[in-house]
Structure formats: structure tokens, C-alpha cells
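**Student:** structure for the following, please:
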Amino acid sequence: MNALQNKTKAHLGLILANLVWAMNYPFYKMIMPQYMSPYALATLAVSIAAILALLSFFFVPVERVQRKGDIVKFIGAAVLMGVAKKLFLMVGIQHTSPIDASIIATLGPILVLVISVFFLIDRFTPMKIVGMVIGLAGALVVILSNSGTTAATAKLGGDAIVFLGIVSSSFSMVWLKDLIMRYKPITLLRWMYPLAALMLLPFGLSSVIHTDFAAIPPHIWWVIAYAVLLPSFGPNYLLIFSLHYVKPTISSVYFYLQPVIATGLSVALGMDKLSWDRGLASIAVFVGVLLVVNAYKNHPSAPRHGGE
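**Tutor:** Residues are numbered from 1 along each chain as shown. Coordinates of the predicted model:
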């Protein structure tokens, strides 16, 4: 009965985490760069997550580090998940559209496959190769769309930076797989966010200080509050917790909620529109990723893809 309850909590956690992450795309676009730079916003978000992680010491006992080599991986988690993923996503979104960014982000499971093959912990199969080619082709259409516009160069750069953020996240999920399974979620977050905050301060503190907070309208303050309080600590805790109880294939399927939610919210707010080429590209990405995910049906130990 307890195992069933944990699985139910895991599914609910994945739904909630992906819902929160999906809203990042249009909300980040509302904030940056008009009211705050990506460096300032990332520094604030990670610093608050670090404070929450440190406060947990008052409520949850400390878990001993089992291996000396794990400390290196904790530092790597801070670099990849706490700094690189956050900054790449925020910097990229200010130059591209929320819809494009959310579609590119769905390439995560395909990137996990490629990285896993590189580390010799996975292998290509015909279905995986077909899925990878279809998914990458769809993403390429998204990246190269609107190439005739004056903002094409900036958009291409923004798409590429978002892609780097997904590479960082995917690499971390392969490299840190054993770490995630060996420690409690709160232990990983306690190491990751305080270290990431220290790494970000030299780059982002000046941007925070020079932000004109008085010029920010009241309705944008609510968006900023969401962006710095919710998407980091809580959803990542839910993701790490859930990966202890559900198969990687299931976690990947939930991840596809993000572009659907991000697209609907962006269109509803009048920030973007869904064109036919984006729609076809989205279908191609989804089909490609689902083919890759389907190839793991009989392999529960396959690497898993994470969020922000």
C-alpha cells in the first residue's frame, strides 16, 4: 500500500513540476530584458533556492556523503543544473519565442540517448535512430523558421542558447544518475543550490544591484515573484523524488506537457502565435521523442531527463 501511495505521489509530483516549468517560458519573456537581465533573475532565483535548501537543515536530518567522489558530482550538479541550465534558458528566451524554446526543450530525452551512448551506458537501435532523426529534424525547422525576418540572427542565437541549456540538463541526468538514486532529494538540493548561488554571485550581483526595481509595474512583480520562488527548489525536489518510484519512460512523457502548456499560455497572453510550420515541427519532435522513449519500454534503468 505504501509503495502504491509513493507511486501516486510521484505521478502527481511530475505533473506539478512540469506545470511550473511550462509557465517559465512566457513568464521569463515578460520579465526579460525589459525589467530585469537574465543574470539578475537567475541570481535571485538560485539564491532563494539556496536559502530554502539551507533552511531545510532545521527540519530534515543531515545525510552523510557516502563516497569522496560524490562531492565532485555535487559540485558538477551545481554547475550543470544550478548555473548552466538556468542561465542558458533565461538568456536564450529573451532572444527567441516561448513556443520555440518549449519545443526545443522537448529534445531532452533524445540528447540523453546520445550522451548515454557516448558514455557507453546505452546503444543505438533502429527505432532510436529513426526517432532521433525525426526529432532533430523537427527542432531544426523550429530553429530556422522565420529566417527572413530582421530578428532572425538574434532568434537563431536564442534557440541555440536554449538548446545548450537542454544539453546541460541532459548531461547532468546521465552523469548524476547514480547520485540521484543514492541520496535523498533534499541532500542533492542542499549541495547544489548553495554552491550554484556562490558561483552565480560574481556574475549576477552587479546586475541585481543595477536593476531599477522602482520602475517595475505591480503586475510584473507578481510574475517575478513566481519566477524566483517556484521553478527551482520545489519542482526539482519533486522530480528527484519521483524518479525513485517511476520509470524514466514515464517521467519523459510528463515532460511533454511543457510545450502544450507554454504554447497555450503564450497565445492566451498575446505573446506569440502557433503557425502551421511550428505545429508540424512540434509533431515531428514529439513523434521522434516518443519513438526513442518507446525503445526503452523494456529497459527501466535507462537514463532519465530532468527539468530546470
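**Student:** for Leu201, what is the enclosing helix or strand?
**Tutor:** Using DSSP states H and E, Leu201 sits in helix 185-209.
**Student:** quick one: low-confidence residue ranges for the stretch 51-200 of the chain.
**Tutor:** By pLDDT under 70, the low-scoring segments of the stretch 51-200 of the chain are 139-140, 142-153.
**Student:** show me what whichever helix in the chain runs longest is packed up against.
**Tutor:** In the chain, with assignment by DSSP state H, the single longest helix is helix 2-31. Judged by 3 or more Cβ pairs under 8 Å, 6 or more residues apart in numbering; DSSP states H and E, the packing partners of helix 2-31 are helix 38-55, helix 85-93, helix 98-105, helix 218-229, helix 233-242, helix 248-255, helix 257-268. For the C-beta atoms, the positions are set from N, CA and C on the backbone; glycine is no exception.
**Student:** got the angle between it and helix 233-242?
**Tutor:** Using axes from the mean of the first three to the mean of the last three Cα atoms, to 10 degrees, the inter-axis angle of helix 2-31 relative to helix 233-242 is 150 degrees.
**Student:** which one, of the helices and strands packed on helix 2-31, ends up nearest to Leu179?
**Tutor:** helix 233-242 (9.8 Å; Cβ to Cβ).
**Student:** now for the closest one, which elements pack on it?
**Tutor:** helix 2-31, helix 38-55, helix 185-209.
**Student:** dump these to TSV, plus distance to Phe118.
**Tutor:** Compiled in TSV, the helices and strands packed on helix 233-242 are given as follows (distance: least, Cβ to Cβ, whole Å):
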stretch	distance to Phe118
helix 2-31	26
helix 38-55	28
helix 185-209	23
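**Student:** check those for me and report the most buried one.
**Tutor:** Of all the helices and strands packed on helix 233-242, helix 38-55 has the most neighbours on average by mean count of other Cβ atoms under 10 Å, namely a mean of 22.
**Student:** apart from its neighbours in sequence, what residue is nearest Ile115?
**Tutor:** If the residues on either side of it in the chain are set aside, Ile115 comes closest to Val174, at 4.8 Å by Cβ to Cβ, 6 or more residues apart in numbering.
**Student:** which element is the one you found on?
**Tutor:** Going by DSSP H and E, Val174 is part of helix 152-175.
**Student:** Tyr35 now?
**Tutor:** Using DSSP H and E, Tyr35 sits in no helix or strand.
**Student:** got a list of what it touches?
**Tutor:** 211, 215-216, 220, 224 (Cβ atoms under 8 Å, 6 or more residues apart in numbering).
**Student:** picking up where we left off before, mind listing what's buried in the helix holding Val174?
**Tutor:** Of all the residues in helix 152-175, those buried under the rule 16 or more other Cβ atoms under 10 Å are 155-156, 158-159, 161-175.
**Student:** between that helix and helix 2-31, how big is the angle?
**Tutor:** In terms of direction (the same axes, to 10 degrees), helix 152-175 departs from helix 2-31 by 160 degrees.
**Student:** elements contacting the next helix or strand after helix 152-175?
**Tutor:** Once helix 152-175 ends, the next helix or strand along the chain (criterion: DSSP H and E) is helix 177-182. When contacts are defined as 3+ Cβ pairs under 8 Å, 6+ apart, helix 177-182 packs onto helix 69-77.
**Student:** what is the helix it packs on packed up against?
**Tutor:** helix 152-175, helix 177-182, helix 185-209.
**Student:** of those helices, which is nearest Phe74?
**Tutor:** helix 185-209 (3.8 Å).
**Student:** angle of the closest one against helix 69-77?
**Tutor:** 40 degrees.
**Student:** contacts for helix 185-209, please.
**Tutor:** Contacts for helix 185-209 (Cβ under 8 Å, 6+ apart): 36-37, 39-40, 42-44, 46-47, 49-50, 52-54, 56-57, 60, 63, 74-75, 77-79, 81-83, 86-87, 176, 179-180, 232-233, 236-237, 240-241.
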